[in-house]
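A.B. asks: no FASTA, just this:
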């Protein structure tokens, strides 16, 4: 079984299409992945987000709605992960910007031994269609430069599509302290500290109008969060420990391709 957490702040307009596509995917891929369940986290929405989420609940795709009063995407995903029980869990954005065949590849990577499988818009093979502004592009370049110091070797920390081993995910999110958009960086940095195997794979991603991220309102806070993460996880405070030996065994004789270096064109954050 796979459980997917979807953080949602005023997503009444975009969430229904995403849940319809997930329902079709779940029906068509039950033999491969098994049962898929969704946890929609209503992050103090003021519209009908909870209502449309509950309306999508069906036998093909059970949908559970939980509420998170603390503002921030990181806080919402942390709340959702706390109620999961599956061996493999993940999270994705309410806008459905990442094409769902990423579930196939993420699932495959986990089965082959990855502890964390992250969709990326910045490695060879990715296909990204986005509406850029100069402000957002400049901010994204500076942000990636900072994240490279915290999680070197990862090209795109901010793509909102990640699968993890369930036990590891619940341990990581229980320790998570970043409530805002930079939570992915803390998550990956903590996973590295635990010695987790992180596998980055290309996705097809298209910008969907209506994002709640605003470069002016959220940009400075995201950079400040990176500083806090670096301080919290500095070597003097956090000693590396081994990953619990409960990861799924890798398929015999299969070797995953090496993660490619960051592409020249990166993804926005």
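C.D. replies: Right, received. Where do you want to start? Because the structure is predicted, anything quoted here is derived from the model rather than measured.
A.B. asks: give me the number of residues near residue 66?
C.D. replies: For residue 66, the count of nearby residues is 16 (other Cβ atoms under 10 Å). C-beta: built from backbone N, CA, C; applies to glycine.
A.B. asks: quick one, what contacts the residue lying closest to it once chain neighbours are set aside?
C.D. replies: Excluding the flanking residues, the one nearest residue 66 by Cβ to Cβ, 6 or more residues apart in numbering is residue 41, at 5.5 Å. By Cβ atoms under 8 Å, 6 or more residues apart in numbering, the residues touching residue 41 are 5-8, 65-68, 76-77, 79-80.
A.B. asks: of those, which belong to helices?
C.D. replies: Judged by DSSP state H, helices contain the following of the contacts of residue 41: 76-77, 79-80.
A.B. asks: show me which of these is closest to residue 205.
C.D. replies: Within the ones in helices among the contacts of residue 41, the smallest distance to residue 205 is 18.3 Å, found for residue 77 (Cβ to Cβ).
A.B. asks: and the helix or strand hosting the residue nearest to residue 66, which strands flank it?
C.D. replies: Using DSSP states H and E, residue 41 sits in strand 36-42. Strand pairing for strand 36-42, determined by DSSP bridges: strand 2-8 (parallel), strand 63-67 (parallel).
A.B. asks: and of those, who's closest to residue 202?
C.D. replies: Comparing these by Cβ to Cβ, strand 2-8 comes nearest, at 19.7 Å.
A.B. asks: ranges for the strands of the chain?
C.D. replies: 2-8, 36-42, 63-67, 88-92, 116-120, 127-129, 161-165, 198-202, 204-206 (DSSP state E).
A.B. asks: check which residues of the third one are buried.
C.D. replies: What it means is strand 63-67. Neighbour-count burial for strand 63-67, counted by 16 or more other Cβ atoms under 10 Å, picks out 63-66.
A.B. asks: with the last one instead?
C.D. replies: For strand 204-206, the neighbour count (16+ other Cβ under 10 Å) marks 204-205 as buried.
A.B. asks: which helices and strands sit right next to it?
C.D. replies: Counting contacts by 3 or more Cβ pairs under 8 Å, 6 or more residues apart in numbering; DSSP states H and E, strand 204-206 packs against strand 127-129.
A.B. asks: ok so, going back, list the buried residues for the strand holding residue 41?
C.D. replies: Quick answer for strand 36-42 (16+ other Cβ under 10 Å): 36-42.
A.B. asks: again with stretch 82-90
C.D. replies: 84, 86, 88-90.
A.B. asks: now that stretch: mean pLDDT?
C.D. replies: For stretch 82-90, mean pLDDT rounds to 98.
A.B. asks: just stretch 16-23 next, same as before
C.D. replies: Stretch 16-23 comes out at a mean pLDDT of 98.
A.B. asks: got it, and stretch 233-246?
C.D. replies: 55.
A.B. asks: and the helices in the stretch 101-250 of the chain?
C.D. replies: 101-111, 134-150, 166-175, 183-193, 215-232 (DSSP state H, counting those that start in this stretch).
A.B. asks: ok, residue 229 touching residue 150?
C.D. replies: Yes. With contact defined as Cβ atoms under 8 Å, residue 229 and residue 150 form a contacting pair (6.2 Å).
A.B. asks: any residues in contact with both of these two?
C.D. replies: With Cβ under 8 Å, 6+ apart as the test, residue 229 and residue 150 both reach 185, 189.
A.B. asks: now distance to residue 24 too, for the strands of the chain, in JSON lines please.
C.D. replies: Compiled in JSON lines, these are given as follows (distance: least, Cβ to Cβ, whole Å):
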{"stretch": "strand 2-8", "distance to residue 24": "14"}
{"stretch": "strand 36-42", "distance to residue 24": "11"}
{"stretch": "strand 63-67", "distance to residue 24": "14"}
{"stretch": "strand 88-92", "distance to residue 24": "15"}
{"stretch": "strand 116-120", "distance to residue 24": "19"}
{"stretch": "strand 127-129", "distance to residue 24": "21"}
{"stretch": "strand 161-165", "distance to residue 24": "17"}
{"stretch": "strand 198-202", "distance to residue 24": "22"}
{"stretch": "strand 204-206", "distance to residue 24": "16"}
